[in-house]
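Trainee: Quick one: sequence plus predicted model below, questions after.
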Amino acid sequence: MTETAAHVADGSTEDPRAVQAEIRSTRERILQAAELRFAESGYTGAAMRGIAASVDLQAASLYTHFPSKQALYQAVLERGLQPIRDLLDSLATGDWTPSRFDAETDRLIENLARQPHVARLIMLDQLAGGEHLGRLAQDWLRPLYDRARSTLQGAPAMKTWPTEELPLLLMTFQHLFLGYFAMASVFEELTGEDPMTPDGIAAQRRFMRKMVRLLLVGEPGDEANAAGALAEGEGEVKRGDK
């Protein structure tokens, strides 16, 4: 029985649209809480009862939204990783201009910033290994890897990378994009700056634009070129003063 049907069976006279809105809101709160719990404790360590309690639900109520822990985990991953899959599909059919790289890089950083714990839970389960890593790799990481490998074949700088180095390039991108969010607490400890503030996210977006351009286009972009020109000009001035 669906959740809406359960309301009707109970004799509820609520507007079905209001019921659906409440269900979506509850589902979103569950996903947010589950994302954090999985990121903190991994798949094995996160308990459904604890996730339910964090959103003021009984465990039985949680199971009306997600029939199992695996189903909830898959929903968390889909919510966080589907935008990356969509981005790769978009790149596969678009052009390879530097401005396009910038726009898609910004999209990816913004998506990760909206669900920052997804990066951490992926890294945690990769480190933990075991049977669950196999399911994670088969259901999500392998499809994303295959999409990315196919998509990047058309990048301008691919002639720079031998075929045998392409897997290394893809793993580098994973660590660059996910590592910033997965290691946010370490970054803050080392630098004294919160990487998740709007300024921190903006700085990471600028940095990743340069990295993507360097790795896939072969040039660092206007901001980096301007900084290099400025530094070179300052060097000329200093040499002229001697």
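Mentor: In hand now; what should we look at? Values in this document were obtained by computation on a predicted structure and should not be read as measured data. Residues are numbered from 1 along each chain as shown.
Trainee: For the nearest residue to residue 72 once chain neighbours are set aside, which residues are in contact?
Mentor: Nearest residue to residue 72, sequence neighbours excluded (C-beta to C-beta, 6 or more residues apart in numbering): residue 66, at 4.0 Å. Just so you know, the C-beta spots here come from the backbone N, C-alpha and C atoms, and that holds for glycine as well. Listed by C-beta atoms under 8 Å, 6 or more residues apart in numbering, the contact partners of residue 66 are 30, 72, 75.
Trainee: Dump the helix or strand harbouring the last one to CSV, restricted to CA.
Mentor: Take DSSP states H and E as the rule and residue 75 turns out to sit in helix 69-92. Coordinates of the C-alpha atoms in helix 69-92 are reproduced here as CSV (Å, rounded to 0.1, in the frame of the first residue of the first chain):
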residue,chain,number,x,y,z
LYS,A,69,18.6,0.1,4.4
GLN,A,70,20.0,-0.7,1.0
ALA,A,71,17.1,1.1,-0.7
LEU,A,72,17.7,4.2,1.5
TYR,A,73,21.5,4.1,0.7
GLN,A,74,20.8,3.8,-3.0
ALA,A,75,18.4,6.8,-2.8
VAL,A,76,21.1,8.8,-1.0
LEU,A,77,23.6,8.0,-3.8
GLU,A,78,21.1,8.7,-6.5
ARG,A,79,20.3,12.1,-5.0
GLY,A,80,24.0,13.0,-4.8
LEU,A,81,25.4,11.3,-7.9
GLN,A,82,22.7,11.5,-10.6
PRO,A,83,23.6,15.2,-11.3
ILE,A,84,27.2,14.0,-12.1
ARG,A,85,25.8,11.4,-14.4
ASP,A,86,23.6,14.0,-16.1
LEU,A,87,26.6,16.4,-16.4
LEU,A,88,28.7,13.7,-18.1
ASP,A,89,25.8,12.9,-20.5
SER,A,90,25.6,16.7,-21.3
LEU,A,91,29.3,16.9,-22.0
ALA,A,92,29.2,13.9,-24.3
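Trainee: which strands and helices sit next to that helix?
Mentor: helix 16-45, helix 48-54, helix 98-114, helix 116-128, helix 142-152 (3 or more C-beta pairs under 8 Å, 6 or more residues apart in numbering; DSSP states H and E).
Trainee: Quick check: mean pLDDT of the first one?
Mentor: Meaning helix 16-45. What helix 16-45 shows for mean pLDDT is 83.
Trainee: With distance to residue 86 and mean neighbour count added, can I get the helices and strands packed on helix 69-92 in CSV?
Mentor: Below are the helices and strands packed on helix 69-92 laid out as CSV (distance: least, C-beta to C-beta, whole Å; neighbours: other C-beta atoms under 10 Å):
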stretch, distance to residue 86, mean neighbour count
helix 16-45, 18, 16
helix 48-54, 27, 16
helix 98-114, 9, 17
helix 116-128, 15, 20
helix 142-152, 10, 15
